[in-house]
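In: Predicted model and sequence follow; I will ask about them next.
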Amino acid sequence: MAEVDQRVSYERDATNPDLITLTNVRNFDWQTEEDATEHWETRTVVLSKLSGVDVTNSYWMGPLIAHTLVSFRFEDDRPLAFSFEIRKEDGESFSALAGFFRRYELSLIAAEERDIIYTRSNARGEQVYLFPISNLQQHEVRSLFESYLTAADDLNAKPAWYNTLISNCTNIIFYMARIVSGDRLPWDYRIWVSGWLPNYLYDVGMLDAAPEKDNQPWSMNTWYERAHINPKAKGFDNQANQLTSVSRDKNSRNFSQQIRQDIPIPALANSQASAEAKAKSTAQASN
């Protein structure tokens with residue numbers, strides 16, 4: 001299918017390893033759930049400018065099942081989203097049962113949020129929530145980004161199968177995050193119940209329990225209320241197919257800003273000790 005028929009690849013600048021140029025970054029203009037104007041673009045990012053990570057959960061069949069995406073924020077630039085998806089053929093639809101039996105090839109998509117989030121919240125009408133992850137250091141964010149580059153290399157070298165239980169959009173992210181943060185992310189059954197991933201992040205102190213100046217702890221219900229992006233994205237003008245690439249970039253930036261309204265964006269931690277201490281304190285407050 002058009003939205004998965006290209007594979008993301010990248011090149012690292014020979015003189016500056018912080019400069020990464022990605023090829024086949026998806027930036028479609030979605031008109032309906034199935035119709036879009038295709039744009040596969042090249043985008044250069046600066047790893048030293050990484051400023052944070054957001055996890056987005058999109059619910060499409062009840063509260064237990066969600067598709068999970070990860071967005072990387074940059075200083076002075078719009079976010080870049082990554083999503084593990086099935087590489088559907090024309091006319092093929094997803095079946096969780098079929099996903100147990102090597103039916104779907106696994107695909108990694110790099111995309112602008114105005115594409116890969118908008119198509120879920122606006123074109124498809126899924127319920128979408130964006131959660132900024134707290135208590136991370138810059139090197140952890142960078143390592144997680146690098147793990148996506150490694151995943152792209154691996155999938156381009158040798159295709160892999162999607163598996164509903166052990167190799168899906170959520171637990172692959174968890175496996176990669178464990179490499180970065182180790183025991184800070186303990187094993188938990190909610191890794192396999194993707195709809196409950198935000199609650200898991202809350203309980204382990206990765207969502208700030210008191211993000212506002214009055215220091216009043218947010219409940220998980222408050223987080224879901226604030227993180228719900230559908231009301232914020234409603235009516236967003238995404239018909240950018242007639243725009244120049246510069247105007248399309250501005251459109252992307254505007255969408256990413258709009259869906260983050262009323263969501264406090266945490267600063268990166270200065271040290272491992274402070275990150276772990278704050279996460280422990282946050283977990284205690286949330287529980």
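Out: Structure received. Keep in mind it's a predicted model, so treat the numbers as computed, not measured. Numbers count the residues shown, from 1 in each chain.

In: I'd say V45 and L80 touch.
Out: Yes. Shown here, V45 and L80 form a contact pair, counting by C-beta atoms under 8 Å, at 6.2 Å. For the C-beta atoms, the positions are set from N, CA and C on the backbone; glycine is no exception.

In: quick one, which of these two is more surrounded?
Out: The residue with more neighbours, out of V45 and L80, is L80; 24 against 21, by other C-beta atoms under 10 Å.

In: who's the more buried one bridged to?
Out: Per DSSP bridges, the residues bridged to L80 are F72.

In: That one reaches S71, doesn't it?
Out: Yes. Between L80 and S71 there is a contact under C-beta under 8 Å: 6.8 Å.

In: joint contacts of V45 and L80?
Out: 22, 72, 74 (C-beta atoms under 8 Å, 6 or more residues apart in numbering).

In: so which of those is the most crowded?
Out: In terms of neighbours by other C-beta under 10 Å, the shared contacts of V45 and L80 top out with F72 at 23 neighbours.

In: any idea how far that residue lies from M61?
Out: Relative to M61, F72 is positioned 27 Å away (C-beta to C-beta, to the nearest Å).

In: and stretch 226-240, which residues are buried?
Out: 226-229, 232-233, 236, 238, 240 (16 or more other C-beta atoms under 10 Å).

In: Sitting in helices, which of those do you find?
Out: Of the positions in those, 226-227, 232-233 sit in helices, assigned by DSSP state H.

In: can you put the residues you listed in CSV and add distance to S245 and pLDDT?
Out: Listed next are these as CSV, based on distance: C-beta to C-beta, whole Å; pLDDT from 0 to 100:
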residue, distance to S245, pLDDT
R226, 33, 94
A227, 30, 96
K232, 25, 96
A233, 22, 95
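
In: nearest to A111, of the residues you listed?
Out: A233 (15.4 Å; C-beta to C-beta).

In: what about the nearest residue in space to the closest one that is not next to it in sequence, distance to Q138?
Out: Sequence neighbours aside, S121 is the residue nearest to A233 in space, at 4.8 Å (criterion: C-beta to C-beta, 6 or more residues apart in numbering). Remark: distance between S121 and Q138 (C-beta to C-beta) = 29 Å.

In: Could you check which of these two is surrounded by more residues?
Out: S121 (26 against 16).

In: circling back to that earlier point, list just the nearest of the buried residues of stretch 226-240 to M206.
Out: Among these, and counting by C-beta to C-beta, the member closest to M206 is A227, at 13.3 Å.

In: Make sure that closest one is actually in contact with I263.
Out: Yes. Look at A227 against I263 with C-beta under 8 Å: they come within range, at 6.2 Å.

In: Show me whatever sits in contact with both of these two.
Out: In contact with both A227 and I263: L130, using C-beta under 8 Å, 6+ apart.

In: Distance check, the residue most central in space within the chain against V128.
Out: Note on the chain: the residue nearest the mean C-alpha position is V70, at 1.6 Å, using C-alpha atoms, centre = their mean. Separation of V70 from V128 (C-beta to C-beta): 14 Å.

In: Give me the common contacts of the two.
Out: Counting by C-beta under 8 Å, 6+ apart, the shared contacts of V70 and V128 are T56.
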